[in-house]
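Fold the following.
(chains A and B)
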Amino acid sequence: AQSVTQPDIHITVSEGASLELRCNYSYGATPYLFWYVQSPGQGLQLLLKYFSGDTLVQGIKGFEAEFKRSQSSFNLRKPSVHWSDAAEYFCAVGAWGKLIFGQGTELSVKP
Amino acid sequence: GAVVSQHPSWVICKSGTSVKIECRSLDFQATTMFWYRQFPKQSLMLMATSNEGSKATYEQGVEKDKFLINHASLTLSTLTVTSAHPEDSSFYICSASDQETQYFGPGTRLLVL
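So this is what the prediction gives:
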């Protein structure tokens, strides 16, 4: 079955610390991979996506993600978190536009 | 680029009335649009896939007669919640796809009294 797992429901990091959000997927073929961010009461904003090629992709707001085929993972990273990064983060996989979402990881940032 | 708008951003209505939500892709033509529902502290639940000029495809468990979807042009899809009830209160989000990537609207908060 196709699925996306974000093992961490809630993560708290200190401002300026590094961040890694985990995402594992189960999919029949190599899917397209996405990370979206959602602020409270808002829609989803695309952070980055991976279709093919270089397995380390750069996104907006200083985020990057690395696709590891052997581990079926697409973890999101940021070297230094800002207070404005506090939000809900969703990993998604899919093809031809249809997406399967993970349950989301809520990020809190301590001053 | 890739901006998607939704209108209204929030709506309060009485039980039994119908509510229409519009989703527009502002700077690209979207052959496919998607409608999601999101409950508090939960992920997005796909309700239906909408293709321009054809009938929407509904996910299992979604009542197509209750959630009417029209995709009349490459930039506009509408979701009409018919005979709304309090249990329909939710956050509805649309997205527009350029076949590879979905771009999301800001969402519509619906409260049915």
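
so what does the longest strand along chain A touch, helix or strand wise?
The longest strand of chain A (DSSP state E) is strand A:87-95. Counting contacts by 3 or more C-beta pairs under 8 Å, 6 or more residues apart in numbering or on different chains; DSSP states H and E, strand A:87-95 is packed against strand A:3-5, strand A:32-38, strand A:73-78, strand A:98-101, strand A:105-110. Placement of C-beta: from N, CA and C, glycine included.

Any part of the lowest-mean-pLDDT helix or strand in chain A near chain B?
None of the helices or strands of chain A scores lower by mean pLDDT, DSSP states H and E than strand A:98-101, at a mean of 88. Yes: interface with chain B: strand A:98-101 contributes A:98-99, A:101 (C-beta under 8 Å from any C-beta of the partner chain).

With respect to residue B:5, which of those is nearest?
Distance to residue B:5 across the residues of strand A:98-101 next to chain B (C-beta to C-beta) is lowest for residue A:99, with 19.9 Å.

Excluding residues flanking it in the chain, which one is nearest the closest one?
Leaving aside its sequence neighbours, residue A:99 sits nearest to residue A:92 (C-beta to C-beta, 6 or more residues apart in numbering or on different chains; 4.4 Å).

Which residues of chain B lie near chain A?
B:2, B:4, B:6, B:32, B:34, B:42-44, B:46, B:49, B:91, B:93, B:95, B:97, B:99-107, B:109.

Nearest residue to the middle of the chain?
Just going to use chain A. Centroid check for chain A by C-alpha atoms, centre = their mean gives residue A:35 as the closest residue, at 3.8 Å.

hmm, I had chain B in mind actually
In chain B, the C-alpha closest to the average C-alpha coordinate belongs to residue B:35, at a distance of 3.8 Å (C-alpha atoms, centre = their mean).

Do any residues in stretch A:4-16 lie close to chain B?
No: contact of stretch A:4-16 with chain B (C-beta under 8 Å from any C-beta) is absent, the minimum separation being 8.9 Å.

Where does pLDDT dip in chain B?
For chain B, the stretches flagged by pLDDT under 70 are B:1.

Of all the residues in it, which one is nearest chain A?
When scored by C-beta to the nearest C-beta, chain B has residue B:97 as its residue closest to chain A, at 3.7 Å.

which strand residues sit across from that residue in the sheet?
On the basis of DSSP bridges, residue B:97 is bridged to residue B:32, residue B:102.

so how far does stretch A:99-111 reach from one end to the other?
By C-alpha to C-alpha, to the nearest Å, the extent of stretch A:99-111 from end to end equals 34 Å.
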